[in-house]
Structures are given as structure tokens and as C-alpha cells.
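Visitor: just the structure for this:
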Amino acid sequence: MSSQTTQISLLNRVRVAPGKPRDWSVMVSAVFLTLVAITAAISPFLTEAATNQSILDSLLPPGSPGHPLGTDELGRDILMVTLAGTGSAVAGPVVIAIGSMVLAILIGTLAGYLRGSVDWAVGRVVDILLALPVMLVAIVVAGIFGAGYWVTVFMLVALFAPSDIRIVRAGVTEQAPRPYVEAAQMLSLSPARIMYRHTVPNVWPLIMTNFMLNLAIALVTLSSLSFLGIGVAPGTPDWGRQITDGRGIMGDNPAMMVVPAILIVLVAMAINVLGDHLGERLRERGMQ
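Guide: The predicted model follows:
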């Protein structure tokens, strides 16, 4: 008995051990994203300090008194510009992810549950939109209409939604033949109630995992468009715009370009780690 108990104890340790690093990564990601969210919330109050120019203090290196990350060619404090740029870097991706998720739930659930001609029509529109290259369409639209920041954001909502609609539609289609749906139909519940109050909660883990993935992709996409000069006006604090402005002073102060680039990567990684953890938790809860 003692040897069996020892073996069971060792097996439990082996099972628990691999989860510890993941728990730490989830905790660190959650704390980091909380700090990013707080910074994004207060970023409008930092804009004035971030846009203050002092030619006498231009191109100060990192570690200069009063300027931990140095200054750019206009004498703007790079740390303040980075903190103020968190708002535009984060707010747009959040709106994109939420907007595409809402459209996916409304349209994807409708197509997956009703099937037939509705599913066919939604499928054809989704196929056409999925064939469009997101970045190229954004560049063309911005070139024609001179799209501003929020116009670019809502355009990306429309371009992100097709893939989400297809994912939700697949999840709802898989749930439609389940006994609980048949029981709800036998009780003469309305199709809308069956779809959105009974079926959608059962595909919620899939929806939330995809939402977090979209949030990370939208962050990179919107920052890339800002880097190309689309959406964010010149001089506006924004991580993508900072990378563009920092190319010209890379030799004098690389922090202007390197710091926002690292932040974009870290935020995207943290979102993915937290998204995977959230998806696993929701799936485990659904199995209980």
C-alpha cells in the first residue's frame, strides 16, 4: 500500500507541475493587461504632456534627467508619448473585436440554426468578403475617402466579421441537432429564444476564444495601418505611428521605435495567453 501511495503521489506531482508555469504566465498576462487597460483609460489626460515640444531638449538619449526614454527630434518625451498612445492603440482593437463578435453572433447563429436559403446567402457573402485582403482594402479605402481613425476601425469590423460568422455558424450547426434544442422546439419556444438564449451559451467558449484572438490580430493590424500612415493623424500619440516617426531617429534614440514595437508584441502575446486560459476554463465548465 505504501508503494502504491507513493506512486499516486508522484503521479499527482507530475500532473500538477506542468500547470504551474502556465498559471504564472496567465497571472503575469492578466496583471500586464490590467495595467495596459488602466493606462489606456487615463491616456486622454496624458495627451497634452505628450505633445509638449521643446527644441532645446530634442534627441536626448534614454536615461536623461526627467526623460527616462529620452526625447524625439521635436523634444517630446518618449515615455509620455508611449503612455498617451496606449489609448488609440488599444481602444480600436477592442471595438473591432467586440463589433465583429456581435455581428458573428447575430448572423452566424441565424445561418447555422435556420440553414437553407438563409445559410446559403450568408455563406456566399462571407466567401466574397473573406476573399478580400484586409490590409489592401484598408489602404485603398483610406486612399479614396481619406479614412480617419474611427472610419478605419469600423471598416476593420466589417472585414473581421466574415471569419467570425463562419466560426459561430459552424458551432451553432454542431449544436442544432442536440437533444436540448429538440426539447426547446417541442415546448414551442420561439426560434429567436432557442438560438440566442439556449444555443449561443453552448458555443460561448468558441466565441470567447475567437474574440481574444481577434483582439490580438486587430491590435497588430491597426498598428500596421498606423505605421503606414492610415487612420491616425500625424503627431497623434499612437504606437504604430511612433514606429514610423522613430525610423528617422533610430541612430540617435532607438527607444522611440523599439519601445512601442515591444509593447505591441507583449500585449498581443498576453492576450493570446489569457485567451487560451479563458477558453480552457469555459470548456471545462461546460463539461461539468
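Visitor: tell me the buried residues in stretch 28-45?
Guide: 29, 32-33, 36, 39-40, 43 (16 or more other CB atoms under 10 Å). Heads up, the C-betas are built off the backbone N, CA and C, glycines and all.
Visitor: what does that stretch rub up against?
Guide: For stretch 28-45, contacts defined as CB atoms under 8 Å, 6 or more residues apart in numbering pick out 83-91, 237, 266-267, 269-271, 273-274.
Visitor: against Tyr180, how distant is Val265?
Guide: Distance, Val265 to Tyr180, by CB to CB, to the nearest Å: 42 Å.
Visitor: sorry, wrong one. I was asking about Pro44.
Guide: Separation of Pro44 from Tyr180 (CB to CB) stands at 46 Å.
Visitor: how far does stretch 137-144 sit from its chain's centre?
Guide: 22 Å (CA atoms, centre = their mean, to the nearest Å).
Visitor: pull out the buried residues from that stretch.
Guide: Buried positions in stretch 137-144, judged by neighbour count with 16+ other CB under 10 Å: 138-139, 141-142.
Visitor: likewise for stretch 150-158?
Guide: 152-153, 155-157.
Visitor: so which of those sit within strands?
Guide: Judged by DSSP state E, the subset of the buried residues of stretch 150-158 located in strands is empty.
Visitor: distance to Asn52 and pLDDT for the residues you listed - can I get that in JSON lines?
Guide: Listed next are the buried residues of stretch 150-158 as JSON lines, based on distance: CB to CB, whole Å; pLDDT from 0 to 100:
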{"residue": "Thr152", "distance to Asn52": "27", "pLDDT": "89"}
{"residue": "Val153", "distance to Asn52": "27", "pLDDT": "91"}
{"residue": "Met155", "distance to Asn52": "32", "pLDDT": "89"}
{"residue": "Leu156", "distance to Asn52": "31", "pLDDT": "91"}
{"residue": "Val157", "distance to Asn52": "34", "pLDDT": "93"}
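Visitor: name the nearest of those relative to Val258.
Guide: Thr152 (24.9 Å; CB to CB).
Visitor: what distance do you get for the closest one to Gly279?
Guide: Thr152 is 28 Å from Gly279, where distance means CB to CB.
Visitor: again with Val168
Guide: 14 Å.
Visitor: which one's more surrounded, those two?
Guide: Using other CB atoms under 10 Å as the criterion, Val168 and Gly279 rank with Val168 on top: 26 against 20.
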